[in-house]
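1. I need the structure of the sequence given here:
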Amino acid sequence: MSTHGLTLISHPLCPFVQRSAIVLLEKNVPFERVNVDLSAKPDWFLALSPNGKVPLLKVHQANGEDALIFESMVICEYLNETQDGDSMYADDALVRARQRAWIAFSTSMLGNAWQFLNATDRAIADSKRALFRVQLERIEAELSVGPYFSGAEFSMVDAVYAPIFRYFSIIDASVSEAIFDGLPRTSLWKAALAKRESVKAAVSSDYAELFQHHLRQHSAILAA
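-> You can find the predicted model right below:
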């Protein structure tokens, strides 16, 4: 039995798991992490997960029972509301709404990045790269003083975008540099996120190797 009140059921490469782990680490909350092989999902996992996906957060309650939360942003919101420490959203309602809007924007951005990274067809790779670049340009126009999305304070937006940017520190540097060329504020934001302790600790030390192995398995153009 876990000695922690929270258990994060995850997969080593899942970006949605990473955002949940980042929030847990930012909140300095002890938790257990259990990885699942999503290519051969065990029966116990399928019994727990309504959508067959990670992350899941198991919350051990005072009455001895476990409650289960699924969907990464629902988990992140729950942790932000229930755990000690500063909120990962701005106090100002308008700023907070804009933060949530840019979190929603990240969904299609992650999709384009993932399809670009995993593409086996050059035309698809070029198309998804172009779409991702346009989205980066929209972000560039939104960023200001930094080092984080909303300024000096690390926020939920940062926790959500850090897993996306992590990919571009793993693939061939010339490819990544070309994508971020001419986007100085976004590049500085990406670098600041990469240095954040919670971002680094959200994945295992062999994450880059695991991701490259994933690309090779799928015969991706970008596989090293």
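2. Check what contacts stretch 21-29 and list those residues.
-> Stretch 21-29 is contacted by residues 6, 8, 10, 31, 33, 75-76, 79-80, 83-85, 88, 154, 156, 159, 162-163, 197-199, 201-203 when judged by CB atoms under 8 Å, 6 or more residues apart in numbering. Just so you know, the C-beta spots here come from the backbone N, C-alpha and C atoms, and that holds for glycine as well.
3. Now do that stretch, average pLDDT.
-> Mean pLDDT, computed over stretch 21-29, is 97.
4. Next: stretch 107-115.
-> Regarding stretch 107-115, the rounded mean pLDDT is 98.
5. burial of residue 205, as a residue count?
-> Residues near residue 205, counting by other CB atoms under 10 Å, number 8.
6. Over to residue 138?
-> What residue 138 shows, counting by other CB under 10 Å, is a neighbour count of 12.
7. got a list of what it touches?
-> Applying CB under 8 Å, 6+ apart, the residues contacting residue 138 are residue 105.
8. Centre of the chain to the strand or helix carrying it, how far?
-> If you go by DSSP states H and E, residue 138 is part of helix 122-142. Per CA atoms, centre = their mean, to the nearest Å, the displacement of helix 122-142 from the mean C-alpha position of its chain is 18 Å.
9. from the contacts of stretch 21-29, which would you call buried?
-> With burial judged by 16 or more other CB atoms under 10 Å, the buried subset of those is 6, 8, 10, 31, 33, 75-76, 79-80, 88, 154, 156, 159, 162-163, 198-199, 202-203.
10. contacting residues around residue 122?
-> Counting by CB under 8 Å, 6+ apart, residue 122 has contacts residue 221.
11. From residue 176, how far off is it?
-> 18 Å (CB to CB, to the nearest Å).
12. can I see the domain layout of this structure?
-> Listed domain ranges for the chain are 6-82, 93-217 (source: automatic domain parsing).
13. Reformat those domains as CSV; add distance to residue 224.
-> CSV is the format used below for these (distance: least, CB to CB, whole Å):
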stretch, distance to residue 224
domain 6-82, 16
domain 93-217, 5
